[in-house]
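Undergrad: Next input, structure requested:
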Amino acid sequence: MGHALPDLPPAVPPAFPPRRTRPRLRVGTLLRLVLCAALLPPPPAALAQAGGGGSPYLLPPSLPSTLPGGGALPGLSPGTQQDILQRILDAAAGRAMPGVAQALPPAAAPAATGAPFPAPASPPAPPVPEPPLSNTESFFAARLDAPLRQFGYDSFAAPPGTAAVGMSFGALPDDYVVGRDDEVVLAFRGRSRQTLSLRVSRDGTLLLPDLAPVPAAGRTLRELRADLEARAARDLGGSEVFVSIGQIRQMSVFVGGEVARPGYVPLTALASVLDALIAAGGVKRTGSLRAVRVGGPRGTRTVDLYGVIAGTGGAADLSLREGERILVPPLGGVAAVGGDVTRPAIYELPAGAAAIRLDALLALAGQPLRPAGNRFLLQSNDAQGRRAYAEIGPGAAVRRGDVVLVQPGTDVVSNQLRLAGHVTVPLTRAAAGRGATLRGLLADPRLVRADPYPRLAAIYRTDRATRARRFVPFDLGRLLQGGGDMALEEGDEVVILALADVQWLASTPVQTALRGQLPDPVVPPAPAGPVPAFATLPGASAAAAPGAAPGTLPGLPGAAPVVVPGVAPGLPGPPAQPDCPALTQLAIAARQSPLRFAHARGAGFPNLGNPPCPQVFRDYPDLLPYLLDQSVLIAGEVRRAGLYPVVNGTGLDQALAAAGDALETADLSAVEFAREPTEGAGAIPLQRTLLDLRSRNFAAVRLSPRDAVRMPRGFGDRDTGSVTVQGEVLRPGTYDIRRGERLSELLARAGGLTPQAYPYGAVFTRDSVQQRQQEGFERVARQLESNLTAVATGQALAGVGGQAGAAAGSVAGAVEAGRSLAVSIRQARAAGRRWFRQQPQISADFCLALCSVPYSIP
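TA: Numbers count the residues shown, from 1 in each chain. Purely as a prediction, here's the structure:
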């Protein structure tokens, strides 16, 4: 069912009005009818046709086919219908027509109060596809690394849904030329008060009441305004006139040649040559933008559109008049500019020119990105079609088909320094002024982060003669204290080391690489669950025991599968490579010269895990072998034994300070000092010396790279570990022991036995004895399982049948019983007891338990 229209005031009075007012009444009735139809919700049938789920307010308004009462709708021009619809939309946005807002139902009240209807969210416009390369672009693409586009043609691409070409809004300029069919609005003030909207007649005049015809066509708005003001002052004393343009006239211009849609295009009087070309679909890439010809009553002229698109050259006359024609000729000569310019593209040469100066071509391309230091490489074809290259200057001529590549003259970095490593922020400085020396570069000590390694830092320098990179050491601690300054050179990189970076030299990965072995690869974690011991091969099969897990050995039900760490089933492949290139460099160097790192290889550092590779060795892989060449070995009774790089002549006190100083247990009377003298031309004997440093004058000992200092431990009879005494003693507990201490001495320290003690029932256990006993249990269980496997295999080869089948059943039962016994033996825990025939010496893993006196029951 449709919705009933609200009661409206009668549009037609009972008595027929004069004939001249009937069109106005019909238009008013039509406006009320269409406004109500746009604001009221549509009937359900209309909703069903619209999709069922959309909002009724989103349906576009339309004019009805008949008037109220069944009368036919008078014929209206398309422009009048558009004007009516626009007025209806304005009324719905808050400017309701009188007599309509009062009759609207409550559901339509928001339109009368100024609340607009919600507009649907428009989807984003799809991206415009890139057009294919033209013949010109393909020609240059075969000669360049990256294809270039022809310049200027994208300026005429009008996206779909844009406004009509030539539409104008706002005030018109005073030089606007009035033409036939323009609407001129005249507002008289003073003695004569009236407003007139007049159209310029076909003969080009304005017909005004009380005034003679005024010529208007062909005159500018400024001239027409001055003429009308003069006439009003002369013929209408005491009145003044204000002149403006209402509706602008329409005109048709022919556009031909290399355009997408040649033919006549409708434009307004304000349209320009660019508007006409856009209305014609734009200029094709085979058309010229620098020789567009415009002909008509004003003669023929050539328009260069590069002055408008590129913003170069003088202002071109882009105005159009009625009856003018636009012709786009074929494309002329072109040249390409690539490389380091603002707009790399293919540019058309000026109309009728065979060449263009390079500076003019660079102006079209937006000039080079670098203001200086450019190299212009010209690529042209000779008479045989071969490509020839030449360096040219800004005044050289570039001809049709040439390519100009703008490249840096010398693309190198000059007068630059870098500060990297253990610093707050990596810096880049100029190798002049404060950056000319190390002290100037590190003038602010806060540039170095906390806990640096003070005894050695390195300058990564390029040798001027050989251009090879090498490290130059310097003492960072001495530099920060105001001494040991060095001059810096262009391209130096100052690398500061952290204390953790130096301690990594004694890690397990470095010791592995020193033996010439590559570090363990980083293997991805294995998936959850065991990996079968035997993979299923094509054409092979294995019969598993009943109830056994897949992949277990046949004949051993429930045997544990073999798990391969780090290997995923069904994913074979090469192992991952190490993530520290410095270790690879070190392993290669150790293989080439086995004795090069002998002082570092024989240190015997404990295996403390696999710490990650520091970032400084990732950035400078050659730094690790260099630091080992510059290091000294400090071992023994020091807090942090390791390899410490030093410069030649470093004091032992400074090296010990980096190692955390000597421990109190060190025997300073016999400090071992080893050195390999380098002044000999033949053999290099290793010299060892015992130094008496009880005076703690460590600064008197000067170190050189590859030296070794070993701090021995003073002799003591304290043993490592502890002994536990439990049971019937006066003071049970855990006691430390000395070497050679006997059981009677330990019991005396524990206060002796209690009166309830039963010495004959004492139990002596040791961890080492327990471990050996547990290994014996495991050995017996493996031997039992091996024998069971042999029995099961022999039974399987003998076959079954008759009495053999019964024997096989008994053998299977025996195998099952043996398997259970092996599991029990493996799960048994050894006691670790030990018996003595005489008073033993106590060791660190000893445990004594004394029982109470047993009670006798009569």
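Undergrad: Whichever strand or helix holds Leu746: which residues count as buried?
TA: For Leu746, the enclosing helix or strand under DSSP states H and E is helix 743-749. Neighbour-count burial for helix 743-749, counted by 16 or more other Cβ atoms under 10 Å, picks out 743, 746-747, 749. The C-beta positions use only the backbone N, C-alpha and C, and glycine is treated the same way.
Undergrad: same question, stretch 185-201
TA: For stretch 185-201, the neighbour count (16+ other Cβ under 10 Å) marks 186, 188, 192, 198-200 as buried.
Undergrad: so how many other residues sit close to the spatially closest residue to Ser192 that is not a sequence neighbour?
TA: Closest residue in space to Ser192, ignoring its immediate chain neighbours: Ser239 at 4.3 Å, by Cβ to Cβ, 6 or more residues apart in numbering. By other Cβ atoms under 10 Å, 15 other residues sit near Ser239.
Undergrad: ok but Gln407 is inside a helix, no?
TA: No. Looking at Gln407 with DSSP: H, G, I helix; E, B strand; the rest coil, it is strand, so not inside a helix.
Undergrad: picking up where we left off before, correct me, but the residue nearest to Ser192 touches Leu186?
TA: No. Applying Cβ atoms under 8 Å, one finds Ser239 not in contact with Leu186, separated by 10.9 Å.
Undergrad: Low-confidence bits of the chain, can you list those?
TA: Counting by pLDDT under 70, the chain contains low-confidence residues at 1-125, 128, 158-170, 313-314, 519-578, 678-684, 797-809, 834-858.
Undergrad: By residue count, what's the longest strand in it?
TA: In the chain, taking DSSP state E as the definition, the longest strand is strand 757-766.
Undergrad: Centre of the chain to it, how far?
TA: Relative to the centre of its chain, strand 757-766 is centred 71 Å away, using Cα atoms, centre = their mean, to the nearest Å.
Undergrad: helices and strands around that strand, which ones?
TA: Here strand 757-766 touches strand 846-852, going by 3 or more Cβ pairs under 8 Å, 6 or more residues apart in numbering; DSSP states H and E.
Undergrad: how many neighbours does the nearest residue to Arg833 once chain neighbours are set aside have?
TA: Nearest residue to Arg833 in three dimensions, chain neighbours excluded: Thr765, at 5.6 Å (Cβ to Cβ, 6+ apart). Neighbourhood size, Thr765 [other Cβ under 10 Å]: 17.
Undergrad: Do I have it right that Thr410 meets Gly373?
TA: Yes. Look at Thr410 against Gly373 with Cβ under 8 Å: they come within range, at 7.2 Å.
Undergrad: now the strands for the stretch 451-600 of the chain?
TA: All strands of the stretch 451-600 of the chain, identified by DSSP state E, counting those that start in this stretch, fall at 457-462, 469-474, 493-496.
Undergrad: For the shortest one, which strands pair with it and how are they oriented?
TA: In its sheet, strand 493-496 lies beside strand 416-421 (parallel), strand 457-462 (antiparallel), with partners assigned from DSSP bridges.
Undergrad: Name the residues of the last one that are buried.
TA: Of the residues in strand 457-462, 457-461 count as buried by neighbour count, 16+ other Cβ under 10 Å.
Undergrad: What of the first one?
TA: By neighbour count with 16+ other Cβ under 10 Å, strand 416-421 contains the buried residues 417-421.
Undergrad: helices or strands up against the helix or strand following it?
TA: Moving toward the C-terminus from strand 416-421, the next helix or strand (DSSP H and E) is strand 427-430. With contacts taken as 3+ Cβ pairs under 8 Å, 6+ apart, strand 427-430 sits against strand 416-421.
Undergrad: Which residues does the strand it packs on contact?
TA: Strand 416-421 has contacts (Cβ atoms under 8 Å, 6 or more residues apart in numbering) with 426-431, 435, 441-442, 447, 457, 488, 490-498, 616, 619.
Undergrad: how near is Asp492 to Gln585?
TA: Distance of Asp492 to Gln585, computed by Cβ to Cβ, to the nearest Å: 21 Å.
Undergrad: residue contacts, Pro581?
TA: Neighbours of Pro581 in contact, by Cβ under 8 Å, 6+ apart: 617-618, 621.
Undergrad: Quick one: buried ones out of the residues you listed?
TA: Burial by neighbour count, judged by 16+ other Cβ under 10 Å, picks out 617, 621 from the contacts of Pro581.
Undergrad: As a markdown table, the contacts of Pro581 with secondary structure and distance to Ala699 would be great.
TA: Shown next, in a markdown table, are these (DSSP: H, G, I helix; E, B strand; the rest coil; distance: Cβ to Cβ, whole Å):
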| residue | secondary structure | distance to Ala699 |
| --- | --- | --- |
| Phe617 | helix | 31 |
| Arg618 | helix | 36 |
| Pro621 | coil | 35 |
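Undergrad: and the contacts of Pro581 as TSV, adding distance to Gly776?
TA: Shown next, in TSV, are the contacts of Pro581 (distance: Cβ to Cβ, whole Å):
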residue	distance to Gly776
Phe617	48
Arg618	50
Pro621	51
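Undergrad: from the contacts of Pro581, which is closest to Leu505?
TA: When the contacts of Pro581 are ranked by distance to Leu505 (Cβ to Cβ), Phe617 comes first, at 9.9 Å.
Undergrad: now that closest one, nearest residue through space, not along the chain?
TA: Distance criterion Cβ to Cβ, 6+ apart; nearest residue to Phe617, sequence neighbours excluded, is Ala582 at 3.8 Å.
Undergrad: ditto for Val337
TA: Counting by Cβ to Cβ, 6+ apart, Ala365 is the residue found nearest to Val337 once chain neighbours are left out, at 4.4 Å.
Undergrad: In contact with the one you found: list those residues for me.
TA: Listed by Cβ under 8 Å, 6+ apart, the contact set of Ala365 reads 337, 341-345, 347.
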